[in-house]
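Engineer: What shape does this take:
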Amino acid sequence: MVSGSRTDEVTLNVSAARLWKGAIEEPHILYPKLMPDFFSKAERIGEGVGAINVFYFAPAANLPPGSLNKNKIEVLDEATFTFKNSSVEGGLLGVLVKSQTYESVFVPSGADSCVAKLKFEYETIGDKDLTEQELKATRDGSIGVLKATEGYLLANPDVYA
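Structural biologist: Numbering: from 1, shown residues only. As a prediction, this is how the structure comes out:
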């Protein structure tokens, strides 16, 4: 088993509060709408900490048919814009990793901007670490959904205002 992590920061041109509402409170609503070629549908089972977000991948995502990702919400703190989830099914889980968590913190950097601090932690199944390509895919996915949310919020300034 190899334990590893990856951290990233990305500046976004929307407030932390608006990004929180779209990317954290309602990803199950927004992501299939914003990225239909990647997410065919999504749902949230339950509410608050302990709820499960389920994302079903579209055929164009180039994943095996029926692919999905289920994540359990571990931390949901709107006061500090801190979110953390752990995978319970799908994605790399059971294939390359035995556990993985994702944390995001949105740090306000202006009235209409924030810095998203992202952290991905994992433990591999075997003694081999994730490749740079595998880590890049997790990074691109994390940043991609935030950038899609940012674009939508910039084009729709009244949403979550």
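Engineer: contacts, neighbours, all on C-alpha from now
Structural biologist: OK.
Engineer: contact partners of stretch 55-69?
Structural biologist: Stretch 55-69 has contacts (Cα atoms under 8 Å, 6 or more residues apart in numbering) with 28, 36-43, 54, 70, 87-91.
Engineer: Tell me which residues of it come out buried.
Structural biologist: Buried positions in stretch 55-69, judged by neighbour count with 16 or more other Cα atoms under 10 Å: 55-59, 67-69.
Engineer: Farthest pair within the residues you listed?
Structural biologist: Maximum pairwise distance in the buried residues of stretch 55-69, criterion Cα to Cα, is 14.2 Å, between Pro59 and Asn69.
Engineer: Mind pulling up the pLDDT for Tyr160?
Structural biologist: If you check Tyr160, the pLDDT there is 95.
Engineer: next one: Tyr31
Structural biologist: What the model reports for Tyr31 is a pLDDT of 96.
Engineer: what's the helix or strand for it?
Structural biologist: Secondary structure assigned from DSSP states H and E places Tyr31 in helix 27-34.
Engineer: Quick check: next helix or strand after that helix?
Structural biologist: Next helix or strand after helix 27-34 toward the C-terminus (DSSP H and E): strand 39-45.
Engineer: Only alpha carbons, please: show the very next helix or strand once past that next one as PDB.
Structural biologist: Note on strand 39-45: by DSSP H and E, the next helix or strand toward the C-terminus is strand 52-57. The C-alpha coordinates for strand 52-57 follow below in PDB (Å, rounded to 0.1, in the frame of the first residue of the first chain):
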ATOM      1  CA  ILE A  52     -24.200  10.400  -0.600                       C
ATOM      2  CA  ASN A  53     -23.600  12.100  -3.900                       C
ATOM      3  CA  VAL A  54     -24.000   9.700  -6.900                       C
ATOM      4  CA  PHE A  55     -22.600  10.700 -10.300                       C
ATOM      5  CA  TYR A  56     -23.400   8.600 -13.300                       C
ATOM      6  CA  PHE A  57     -21.000   9.000 -16.200                       C
END
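Engineer: Show me which residues of the following helix or strand past strand 52-57 are buried.
Structural biologist: Next along the chain after strand 52-57, taking DSSP H and E as the criterion, comes strand 68-77. Within strand 68-77, the residues scored as buried using 16+ other Cα under 10 Å are 68-76.
Engineer: In this structure, where's the longest helix?
Structural biologist: Counting by DSSP state H, the longest helix found in the chain is helix 132-155.
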